[in-house]
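Student: 3D, please:
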Amino acid sequence: MRITRTRTRTATGLVISALALGTLPAWAAPTETLAPTAPRYASHALADTVRHIPLQGAVNVRDVGGYRTYDGERVGYGRVFRADALSKLTDADLGTLAGLGLKKVIDFRVPAEVQYDGADRLPAGAAPVSRPITDHGLFSQLLAAIGSKDPVKQEEMLGNGRAAAFMRDVYRTFVTDSANRAQFAATLRDVADSRTPLLYHCTSGKDRTGWTTYLLLRLVGVPDRAAVGDYLASNTYRAAYDARLREALKQGGLMQNPDLIIPLQEVRTDYLGTALDEAAKRYGGLQGYLTKGLGLDAGTILKLRARLVD
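Tutor: Alright, predicted model coming up:
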């Protein structure tokens with residue numbers, strides 16, 4: 001009887017993963033995406049949502065759990081977390097993260113970002129893993145544009161849709177760059193193999209981190225609508241911080257028109273769509289990207305589902 005149940009769950013997992021990658025019609029996706037109750041962590045209470053973890057030194061730290069899959073099960077809380085840079089965490093923040101029980105923290109930032117922002121501050125017991133994923137020069141371009149203090153140069157670099165076009169190029173590299181693909185694949189395998197809570201992050205927690213989370217949610221059977229919603233939520237959590245940054249750039253005389261950087265600060269569905277279109281072009285779709293581009297086999301996908309889905 002036990003063997004039969006195991007085989008049934010394994011077969012179900014494969015079917016659900018296939019459905020998540022695009023073969024289920026849109027009308028069949030469940031409408032509920034939030035869990036009815038918030039998870040309880042050892043050292044903090046969540047704020048106004050079930051997933052966001054409010055910290056003083058980071059603004060986009062979230063639990064990936066709580067989403068329903070196609071078959072009505074849920075992604076469990078307290079297993080995988082996504083975040084922006086952790087270099088400015090306060091002692092109180094470290095106490096909050098300690099309550100999550102993290103054993104591994106994967107940092108997608110490239111060396112220039114780490115040099116500029118500083119290394120992560122992590123609670124005891126959390127092992128740092130450097131896994132740089134190129135931002136296609138985004139960080140350097142942003143610093144160059146702002147550092148010039150030249151409104152004409154800034155307009156030439158970022159105006160007339162150039163900033164948004166650059167972001168679309170960044171997302172293409174998530175598919176086209178072999179080193180990037182290897183890093184995404186290694187992270188998803190880490191999630192599958194881990195038996196303890198894990199966190200991954202980049203600088204803003206929205207692009208490299210957002211793409212990783214989108215892939216992870218789709219792999220375990222979360223409908224596209226919910227996975228896109230998680231991706232877009234970075235705009236909500238980063239809005240106030242990013243607005244303050246733009247105002248500081250203006251008040252400091254660095255930019256006459258700081259709104260030029262808004263396309264660099266935001267996540268947008270057309271950025272995500274660019275990566276998905278590139279995956280379709282090169283691999284026939286998201287499933288081909290995951291299996292051929294990232295090299296994920298059925299065993300890894302099943303482990304991901306078993307690890308994350310209740």
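Student: mind listing what's buried in stretch 228-235?
Tutor: Neighbour-count burial for stretch 228-235, with 16 or more other C-beta atoms under 10 Å as criterion, is recorded at 228, 230-234. The way it works is simple: take the backbone N, C-alpha and C, and place the C-beta from them, glycine included.
Student: Which single one of the residues you listed is nearest to Lys103?
Tutor: Here the nearest of the buried residues of stretch 228-235 to Lys103, counting by C-beta to C-beta, is Asp230; it sits at 23.1 Å.
Student: Which neighbouring elements make contact with the helix or strand containing that closest one?
Tutor: Take DSSP states H and E as the rule and Asp230 turns out to sit in helix 224-251. For helix 224-251, the packing partners by 3 or more C-beta pairs under 8 Å, 6 or more residues apart in numbering; DSSP states H and E come out as strand 62-63, helix 208-219, helix 262-265, helix 269-283.
Student: Please, where are all the helices along this protein?
Tutor: Secondary structure of the chain (DSSP state H): helices at 2-18, 91-98, 111-117, 138-148, 151-158, 162-176, 178-193, 208-219, 224-251, 262-265, 269-283, 286-288, 298-308.
Student: what's the closest of those helices to Val105?
Tutor: When these are ranked by proximity to Val105, the top entry is helix 91-98, at 8.7 Å, counting by C-beta to C-beta.
Student: before we move on, back to that, buried deepest among the helices of the chain, which one?
Tutor: By mean neighbour count, with neighbours taken as mean count of other C-beta atoms under 10 Å, helix 208-219 ranks first of these at a mean of 25.
Student: for it, what is the average pLDDT?
Tutor: Per-residue pLDDT values over helix 208-219 give a mean of 98.
Student: again, but for stretch 54-66
Tutor: Stretch 54-66 shows a mean pLDDT of 97.
Student: how far does it stretch from start to finish?
Tutor: Across stretch 54-66, the straight-line distance between its terminal residues is 17 Å, by C-alpha to C-alpha, to the nearest Å.
Student: How far away from the center of its chain is that stretch?
Tutor: 11 Å (C-alpha atoms, centre = their mean, to the nearest Å).
Student: do the same with stretch 79-96
Tutor: 15 Å.
Student: Stretch 166-181 now?
Tutor: Between the mean C-alpha location of stretch 166-181 and the chain-wide mean there is a distance of 14 Å, by C-alpha atoms, centre = their mean.
Student: now stretch 276-296
Tutor: Distance of stretch 276-296 from the chain centroid (C-alpha atoms, centre = their mean) equals 18 Å.
Student: what's it in contact with?
Tutor: Under the contact criterion C-beta atoms under 8 Å, 6 or more residues apart in numbering, stretch 276-296 has outside partners 18, 21-22, 171-172, 174-176, 181, 184-185, 188-189, 215, 218-219, 297, 301.
Student: I'd guessed Thr269 sits against Ala227; true?
Tutor: No. At 11.6 Å, Thr269 and Ala227 do not qualify as touching, with contact defined as C-beta atoms under 8 Å.
Student: is it true that Gly76 touches Ala306?
Tutor: No. Under the criterion of C-beta under 8 Å, Gly76 lies out of contact with Ala306, with a separation of 10.7 Å.
Student: Tell me which of the helices of the chain lies nearest to Val64.
Tutor: The closest approach between Val64 and any of the helices of the chain, judged by C-beta to C-beta, belongs to helix 208-219 at 6.0 Å.
Student: Identify all contacting residues around that closest one.
Tutor: So helix 208-219 is in contact with 17, 20-21, 64, 67, 75, 80, 82-84, 108, 133, 135, 171, 174, 184, 187-188, 191, 200-202, 224, 226-228, 230-231, 234, 267, 272, 275, 286, 290, 296, 301, 304-305, 308, going by C-beta under 8 Å, 6+ apart.
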